[in-house]
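Peer 1: the following comprises the amino acid sequence and a computationally predicted model.
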Amino acid sequence: MTAPGVEDSDLKALSELTERSSGLKDLDERLTRFNLFQVIGSAYSEELHSNILAWLFDPDRPHGFGSRFLQSWLRRVVQPTGTLQSSSVSPDLVDSWQLDRVEVRTDWAATLEEIQENRRIDILLVLTMSDGERWVVCIENKVRSSQHTGQLAAYRKIITERFPDAARRIFVFLTKDAEKPVDPAYIPATYLSVHEALVETLTQSDAEIAPEPRLMIEHYVRLLHEQFTGRGDATGLALTLYRYHPRAIEIIARVAKGSPSDDGDSKIAERAREAYRLHRSALDLVFRQASRTLWPHAKRPLEAMIATEGPSNGLLPGPIDKKPLVRFVPAQWDLPGNHSGTGWKNSRYQILFELDLAAVPPNLLVVCHAPPAEWDTTVRKHLEDHGFVPPKGAKSWSRYLQQKCDLPAGFELLVDPARAAAALFEWLTAFLGQPDMSKIIRVITSELPGLAASSGKSEA
């Protein structure tokens, strides 16, 4: 039962959100604007976005853009960002191209084997210039899912083998939430580039667009603005509401969404359920946006769970610091060959698992500090022989796995760090027990006797 003083404080917090602030009502109005893609329930469908983009990229489709949208978007994508890119294409080169024709393919695979193994490229563009030079643009599109281990490198290998005569190959990793590609040959891009290119092209092509495609394009632009760019009124207002009313939002998440709560049938619970009934769409958006800031809160309870429950599940705790990273090793890796590490303070391990809670969703990696080149090459080769393509490392850090946590965690879970930690621990133990992961752990375990620690010292 809630103490009287706390109950008064919680009721006041709910009242300030639902009665004294117009924020929920404003957000409701913005979310109830008619949008074709939201009505048909496809706002976050990767297939839908890939098909729309393919339609817009194709100069022969009846949108009135010609190749202007393709040129505008690609110019933005190849802007120098300091990342290793897959070609020497520059914005000036895109602006000055003499484009003759464009072939657009979606969900493309070159062989039956690639189809059976589900190695299909989301969008493939083959651009032929007037002098016969060919450019190949490979786009991996992620809206709500994340890249899989070795996925991007595998697609790059396919394109390199299938188009050996291409003058330029451009690999683009297009995501909603600015996910960093594991393969450094890919150029990272977000839907902000799509939105900006569409707005620019609409302005340039205004008189050439027929009413029917204009309606679809305008709805798509609005969808991108409000749900994908981070600049939309709805997403911005949702985050603002959480910043100013965190206690009220958390109460509604725990009570109205059916999570365990001490509030029972109190006035707090009644008020929270009523708020959620009246403003469900607005509050669900607030929950989604605010959850991005809450994963790191699970760090300490998750570290405690690994220390207490990990050993019985084959996991041993790793080094701890203030960063939003949780580190551990499988018990199989607690061998002398892995006891000479100098990469982390207060830890003898040289190779370990690292769960990055700053990523959304959390990102699980296998990281090794300064492995000898011969050992690193051997491990990578053995992993590739077993069907895995390890990601690239950085400087003195080698990576052999990168996997997004696909835990379907709602906001009502994240506001309770202990529950979030328990869900993460359950996901970790289940994921590490999968056949593929067991195979990766065994491969690395077999090579640990030959692992020699680096003589230099560095801090993670």
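Peer 2: Noted; the coordinates are in hand.

Peer 1: and residue 316, how far from residue 104?
Peer 2: In this view, residue 316 and residue 104 are 51 Å apart by C-beta to C-beta, to the nearest Å. All C-beta atoms are positioned from the backbone trio N, CA, C, and that covers glycine.

Peer 1: ok, those two, which is more surrounded?
Peer 2: residue 104 (21 against 17; other C-beta atoms under 10 Å).

Peer 1: what sits opposite that one in the beta ladder?
Peer 2: residue 125 (DSSP bridges).

Peer 1: list the contacts for residue 128?
Peer 2: 99-103, 134 (C-beta atoms under 8 Å, 6 or more residues apart in numbering).

Peer 1: which of those residues fall within strands?
Peer 2: When DSSP state E is applied, the contacts of residue 128 are split such that 99-103, 134 fall in strands.

Peer 1: which secondary structure element is home to the spatially closest residue to residue 367 that is not a sequence neighbour?
Peer 2: Spatially, and ignoring its direct neighbours in sequence, residue 367 is nearest to residue 354 (5.0 Å; C-beta to C-beta, 6 or more residues apart in numbering). Per DSSP states H and E, residue 354 falls inside strand 351-356.

Peer 1: the residue most central in space within the chain and residue 51: what is the separation?
Peer 2: Per C-alpha atoms, centre = their mean, the C-alpha nearest to the average position across the chain is that of residue 179, at 4.5 Å. Distance of residue 179 to residue 51, computed by C-beta to C-beta: 21 Å.

Peer 1: go on, residue 21?
Peer 2: Taking C-beta to C-beta, one finds residue 21 at 40 Å from residue 51.

Peer 1: give me the next element, helix or strand, following the lowest-mean-pLDDT helix or strand in the chain.
Peer 2: Using mean pLDDT, DSSP states H and E, the weakest-scoring helix or strand in the chain turns out to be helix 411-414, at a mean of 64. Next along the chain after helix 411-414, taking DSSP H and E as the criterion, comes helix 417-432.

Peer 1: so who does the closest residue in space to residue 67 that isn't next to it in sequence touch?
Peer 2: Closest residue to residue 67 apart from its sequence neighbours, by C-beta to C-beta, 6+ apart: residue 59 at 4.3 Å. Listed by C-beta under 8 Å, 6+ apart, the contact partners of residue 59 are 65-67, 70, 99, 102.

Peer 1: hang on, the earlier thing: in the sheet, who's paired with the residue nearest to residue 367?
Peer 2: residue 327, residue 365.

Peer 1: which residues touch it?
Peer 2: Contacts of residue 354 (C-beta under 8 Å, 6+ apart): 318, 325-327, 364-367.

Peer 1: what is the nearest of the contacts of residue 59 to residue 335?
Peer 2: Relative to residue 335, the closest of the contacts of residue 59 is residue 70; by C-beta to C-beta it sits at 53.5 Å.

Peer 1: a helix runs through that closest one, doesn't it?
Peer 2: Yes - assessed with DSSP: H, G, I helix; E, B strand; the rest coil, residue 70 lies in a helix.

Peer 1: and the strand holding residue 354, C-alpha only, in PDB?
Peer 2: Provided in PDB are the C-alpha atoms of strand 351-356 (Å, rounded to 0.1, in the frame of the first residue of the first chain):
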ATOM      1  CA  ILE A 351      39.000 -11.900 -24.300                       C
ATOM      2  CA  LEU A 352      35.500 -11.500 -22.900                       C
ATOM      3  CA  PHE A 353      31.800 -10.700 -23.700                       C
ATOM      4  CA  GLU A 354      30.700  -7.100 -23.400                       C
ATOM      5  CA  LEU A 355      27.000  -6.000 -23.300                       C
ATOM      6  CA  ASP A 356      26.700  -2.300 -24.400                       C
END
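
Peer 1: mean confidence score for it?
Peer 2: Mean pLDDT, strand 351-356: 95.

Peer 1: domain parsing for the protein?
Peer 2: The chain resolves into domains spanning 46-227, 295-450 when parsed by automatic domain parsing.

Peer 1: between the ones you listed, which one is nearest to residue 244?
Peer 2: domain 295-450 (16.1 Å).

Peer 1: what residues does stretch 245-253 touch?
Peer 2: Residues from elsewhere that reach stretch 245-253, judged by C-beta under 8 Å, 6+ apart: 9-10, 13-14, 16-18, 21, 23, 241-242, 259, 263, 268, 272, 275-276, 283, 286-287, 290, 410-412, 415.

Peer 1: and those residues, which are buried?
Peer 2: With neighbours counted by 16 or more other C-beta atoms under 10 Å, the contacts of stretch 245-253 contain buried members at 10, 13-14, 17-18, 23, 241-242, 263, 268, 272, 275-276, 283, 286-287, 290, 411-412, 415.

Peer 1: tell me which of the residues you listed fall in strands.
Peer 2: Among the buried ones among the contacts of stretch 245-253, no member lies in strands (by DSSP E).

Peer 1: so which of these are in helices?
Peer 2: Per DSSP state H, helices hold the following members of these: 10, 13-14, 23, 241-242, 268, 272, 275-276, 283, 286-287, 290, 411-412.

Peer 1: for the stretch 201-350 of the chain, which segments count as strands?
Peer 2: 315-317, 325-330 (DSSP state E, counting those that start in this stretch).

Peer 1: and the shortest one, which strands flank it?
Peer 2: Take DSSP bridges as the rule and strand 315-317 pairs in its sheet with strand 325-330 (antiparallel).

Peer 1: could you check the angle helix 417-432 makes with the partner strand?
Peer 2: Angle between the axes of strand 325-330 and helix 417-432 is 40 degrees (criterion: axes from the mean of the first three to the mean of the last three C-alpha atoms, to 10 degrees).

Peer 1: okay, the strands of the stretch 201-350 of the chain, which one's buried deepest?
Peer 2: Most buried of these by mean neighbour count (mean count of other C-beta atoms under 10 Å) is strand 325-330; its value is a mean of 23.

Peer 1: just the angle between that one and strand 351-356, please?
Peer 2: 150 degrees.

Peer 1: hmm, who's touching strand 325-330?
Peer 2: Strand 325-330 is contacted by residues 299, 302-303, 306, 310, 314-320, 338, 344, 347, 349, 351-358, 432, 441, 445, 460 when judged by C-beta under 8 Å, 6+ apart.

Peer 1: low-confidence ranges, the protein, go.
Peer 2: Applying pLDDT under 70 to the chain picks out residues 1-6, 80-88, 115-118, 230-233, 256-265, 393-395, 408-414, 452-460.

Peer 1: switch the cut-off to 50
Peer 2: Along the chain, segments meeting pLDDT under 50 span 1, 82-86, 260-262, 453-460.

Peer 1: contact partners for the residue nearest to residue 239 when sequence neighbours are not counted?
Peer 2: Of all residues not flanking residue 239 in the chain, residue 289 sits nearest, at 4.9 Å (C-beta to C-beta, 6+ apart). With contact set as C-beta under 8 Å, 6+ apart, residue 289 has these partners: 235, 238-239, 242.

Peer 1: kind regards, and thank you for your time.
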